[in-house]
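Asker: okay, sequence plus prediction incoming.
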Amino acid sequence: MVLSSTIAREAPTPAHICPMDRSCSYLQQAASQLNLDTNITTILEHPRKVITVSIPVKLDTGEVQVLAGHRVQHSDILGPYKGGIRYHPSVTLREVSALAMLMTWKCALLGIPYGGAKGGIAIDPNQYSVGELERITRRYTSELIKDIGPAVDIPAPDMGTSAREMAWMMDTYSMHVGHAVPGIVTGKPLSIGGSRGRQQATGRGVMLAIREALAERGQSLAGASIAIQGFGNVGSSAAILLHEAGAKILAVSNGSGGVYSEGGLDIPALQAHLQDNPRQMGTFPGGEAIGNADLLLLPCDVLVPAALEDQITAENADRIQAKIVAEAANGPITLDGDRILADRGILVLPDILTNAGGVVVSYLEWVQGQSYVFWDEERVNREMEGLMVNAYHRVSATARCKTISFRLAAYTLGVGRVAQALSDRGLYP
Ligand SMILES: NC(=O)C1=CN([C@@H]2O[C@H](COP(=O)(O)OP(=O)(O)OC[C@H]3O[C@@H](n4cnc5c(N)ncnc54)[C@H](OP(=O)(O)O)[C@@H]3O)[C@@H](O)[C@H]2O)C=CC1
Ligand SMILES: O=C(O)CCC(=O)C(=O)O
């Protein structure tokens, strides 16, 4: 048996330095708007707990790999830690830390009683069999068993994971404690206490944020031209819902490239094509192939990055032709890219608002589970829409009233709520 260690060897971050430049920069800007005591900001800059575990996994070949699994718990000031689990080759402890902090502000902005966390393993799930993925997920859960729980830390799907991984996590945790604990994860299958509407929830929230932003400009979704990077859970759900609302989806893409049609893509036909030809966007007969980099530069009403971080940077921000950029992904715009878009007057709908529909329905799943009463999809969608639209208009009103960007307005509302709770709870030393 060969032992191949694939544990990421990242340089350790000095304890006194905030490891997350972008997240900390936005936190600092919000702190300055709020006139926060610098000691409170210093506390909020640091994750409360950073966990890295070794995950030995026996591959189908008999070889053993040891993977590094991370879980970063940024804050539980407002409630249990909450956030997704990512399986993607680009996962690092730094990235997971930054994403955990985003979760704290997102939940606070939306007014849901959760803190923020994120987890991840640096693997390409496409390179592993289902059996291997199950063993990886179960061992990762086992290693985290003392740090997660329905009142402590509640994982959910993120890039590269889905209801399937949540079911494995729920089962592993339940076996450890000796009884079924559906509330240990959200985004799980309906059969074990999942919520109707969770799968499409993030994409639905993205559609709602775009709808509200266009409405404030006197435009409707019908006829709006939209380009979407990423066609996974979030990108494909947003594309379907925007298409159903009459928007013209000019282009979509995945890791293998994209497809473009000036007249708008037939999204259901594209989905059917992908069923038969997985990941082969470029061969869809209803459009022409387009690269991911060019998709970002298309002239359109709304550009929706719904894949990875750092897609809009100092290199391409001055060539973005969209009027609105809706951050469906977490962190798709770098700090420099953000400054350039702001200087050019392009409205950015920030991630902590735009993609919050997922965690909102995770919260609704948790509420249903706690009360043992499960709602129909119409009710779930209605409750989520209420919270999303309310948050959108609070952000928009704050941006208008303080003459600041939507991002800074969203951070000011999220950070302000956490800072208030921190000082009310007396955790401030
Ligand atoms: N799932 C959720 O509920 C939530 C997700 N998010 C965020 O949304 C984003 C997407 O997550 P999700 O949809 O769940 O992830 P998925 O794993 O379901 O989908 C990811 C998509 O991104 C594509 N992709 C990967 N690399 C690239 C690339 N270099 N260029 C273009 N596309 C690429 C993938 O293509 P391929 O299949 O070819 O690899 C796939 O279409 C992430 O930032 C995530 O954090 C935010 C809130 C909630
Ligand atoms: O649904 C959840 O709990 C978390 C979703 C998530 O990871 C995110 O919003 O980035």
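Answerer: Received it, and whenever you're ready, just let me know what you need. Ligands and ions are numbered 1, 2, ... in the order given.
Asker: now do the SS call for the closest residue to ligand 2 within the stretch 101-250 of the chain.
Answerer: The nearest approach of the stretch 101-250 of the chain to ligand 2 comes at A156, 3.2 Å away (C-beta to the nearest ligand atom). No exception for glycine: its C-beta is placed from N, CA and C like everyone else's. Three-state assignment for A156 (DSSP: H, G, I helix; E, B strand; the rest coil): strand.
Asker: chain neighbours aside, what residue packs nearest to A391?
Answerer: Distances taken as C-beta to C-beta, 6 or more residues apart in numbering put L110 closest to A391, at 5.3 Å, once the chain neighbours are dropped.
Asker: for the one you found, give me its contacts.
Answerer: For L110, the contact set (C-beta atoms under 8 Å, 6 or more residues apart in numbering) comprises 356, 359-360, 387-388, 391.
Asker: for this structure, which segments count as helices?
Answerer: Applying DSSP state H to the chain gives helices spanning 21-34, 38-45, 93-110, 130-143, 163-177, 198-216, 233-244, 267-276, 292-296, 335-343, 351-354, 357-371, 377-402, 406-425.
Asker: paired strands for the top strand by length along the chain, with orientation please.
Answerer: Using DSSP state E, we find that the single longest strand of the chain is strand 64-75. Applying DSSP bridges, strand 64-75 is found paired with strand 3-5 (parallel), strand 49-58 (antiparallel), strand 116-121 (antiparallel).
Asker: which of these comes out lowest on mean pLDDT?
Answerer: Among the strands paired with strand 64-75, strand 3-5 carries the lowest mean pLDDT, at a mean of 40.
Asker: so which residue is dead centre in the protein?
Answerer: For the chain, the residue nearest the mean C-alpha position is N330 (5.0 Å; C-alpha atoms, centre = their mean).
Asker: report pLDDT for the closest residue to that residue other than its chain neighbours.
Answerer: Closest residue to N330 apart from its sequence neighbours, by C-beta to C-beta, 6+ apart: D351 at 5.0 Å. According to the prediction, D351 has pLDDT 98.
Asker: hang on, D351 packs against D338?
Answerer: No: using C-beta atoms under 8 Å, D351 is not in contact with D338, being 11.1 Å away.
Asker: contacting residues for the residue nearest to N330?
Answerer: When contacts are counted by C-beta under 8 Å, 6+ apart, D351 touches 102, 106, 327-332.
Asker: please name the residues that touch the residue nearest to the centre of the chain.
Answerer: Residues in contact with N330 (C-beta under 8 Å, 6+ apart) are 99, 102, 309, 351, 355.
Asker: may I see those organised as a markdown table, with distance to R400 added?
Answerer: Shown next, in a markdown table, are the contacts of N330 (distance: C-beta to C-beta, whole Å):
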| residue | distance to R400 |
| --- | --- |
| L99 | 29 |
| L102 | 24 |
| E309 | 29 |
| D351 | 20 |
| N355 | 22 |
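Asker: near ligand 2, which residues of the stretch 51-200 of the chain are found?
Answerer: Listed as neighbours of ligand 2 in the stretch 51-200 of the chain under the rule C-beta under 6 Å from any ligand atom: 82-84, 103, 106, 156, 158, 186-187.
Asker: is stretch 197-214 in proximity to ligand 1?
Answerer: Yes: counting by C-beta under 6 Å from any ligand atom, ligand 1 has neighbours in stretch 197-214: T202.
Asker: what's the mean pLDDT across that stretch?
Answerer: Stretch 197-214 carries an average pLDDT of 98.
Asker: what does the stretch 151-300 of the chain have sitting close to ligand 1?
Answerer: Residues of the stretch 151-300 of the chain that fall close to ligand 1, judged by C-beta under 6 Å from any ligand atom: 157-160, 202, 229-235, 253-256, 279, 292.
Asker: restricted to buried residues, select those residues in ChimeraX.
Answerer: Listed next is the ChimeraX selection for buried residues among these, using 16 or more other C-beta atoms under 10 Å:
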select :157,158,159,160,202,229,230,231,232,233,234,235,253,254,292
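Asker: neighbour-wise, which one of the residues of the stretch 51-200 of the chain next to ligand 2 leads?
Answerer: For these, counting by other C-beta atoms under 10 Å, the largest number of neighbours falls to G83: 33 neighbours.
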